[in-house]
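Q: could you look at this predicted model? Sequence included:
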Amino acid sequence: MYLFDTDVISNLFRPKPSRKLLVKLRTVSQQDQYISTITVSEIVYGAVRSARADYHLMILQEKLLPSINIAGFDTKAAFICGRIRAKLEMQGQPLPLADLEIASIAISNEFTLITGNTKHFQRINELDLENWL
């Protein structure tokens, strides 16, 4: 099963989305495709800040959310996140909290995280990553 990072979802709504991404998506059952509640929050944040907020929110609510599964940030993910955050900070390699939360949701659900930002997430040893962009 796959958890899509915000950059991957944003790519889908560009005028010319990644061809590699579109090809890969066709090979994965819809029941195996997830986004996190953190990604939903990041998309809403970006939409509200844009010049076309209503349009972007409509796309989110009417096209994306009905077509994908949502994975939440639960207690198991919170424990994983806290451990990883402390470890990375002690190593002098902190990551933004939203990224840690997304990674923790992937780890807690045994998902592979699909992101274009693999270099960023490679610091998290427990995380399975793939770049479809």
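A: Perfect, thanks for sending it. Residues are numbered from 1 along each chain as shown.

Q: which stretches of the chain form helices?
A: Using DSSP state H, the helices of the chain run over 6-12, 19-26, 37-49, 53-59, 75-90, 97-108, 118-121.

Q: okay if I get those helices as TSV plus mean pLDDT and distance to Glu130?
A: For every residue, glycine as well, the C-beta is placed using N, CA and C. As requested, these are exported to TSV (pLDDT from 0 to 100; distance: least, CB to CB, whole Å):
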stretch	mean pLDDT	distance to Glu130
helix 6-12	95	10
helix 19-26	95	9
helix 37-49	96	16
helix 53-59	93	25
helix 75-90	98	19
helix 97-108	98	11
helix 118-121	92	8
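
Q: among those helices, show me which one is buried the most.
A: Scoring the helices of the chain by mean neighbour count under mean count of other CB atoms under 10 Å gives helix 97-108 as the most buried, with a mean of 23.

Q: run through who's touching that helix.
A: Identification of contacts with helix 97-108 by CB atoms under 8 Å, 6 or more residues apart in numbering yields 3, 5-6, 36-39, 41-42, 71-74, 76-78, 80-81, 84-85, 88, 95, 111-113, 120-121, 124, 126-128.

Q: swap in stretch 114-133?
A: With contact meaning CB under 8 Å, 6+ apart, stretch 114-133 is reached by 2-5, 7-8, 11, 18, 20-21, 24-25, 80, 84, 88, 93, 95, 99-100, 103, 106-107, 111-113.

Q: that stretch: which residues count as buried?
A: For stretch 114-133, the neighbour count (16 or more other CB atoms under 10 Å) marks 114-117, 120-121, 123-124, 127, 129, 131-133 as buried.

Q: looking at those residues, which are in strands?
A: Using DSSP state E, the subset of those located in strands is Ile114, Leu129.

Q: now Val48: closest residue in space that isn't a chain neighbour?
A: Spatially, and ignoring its direct neighbours in sequence, Val48 is nearest to Leu57 (7.5 Å; CB to CB, 6 or more residues apart in numbering).

Q: let me see the contact set for the residue of the chain most remote from its centre.
A: What lies farthest from the middle of the chain is Met90; by CA atoms, centre = their mean that is 24.6 Å. With contact set as CB under 8 Å, 6+ apart, Met90 has no partners.
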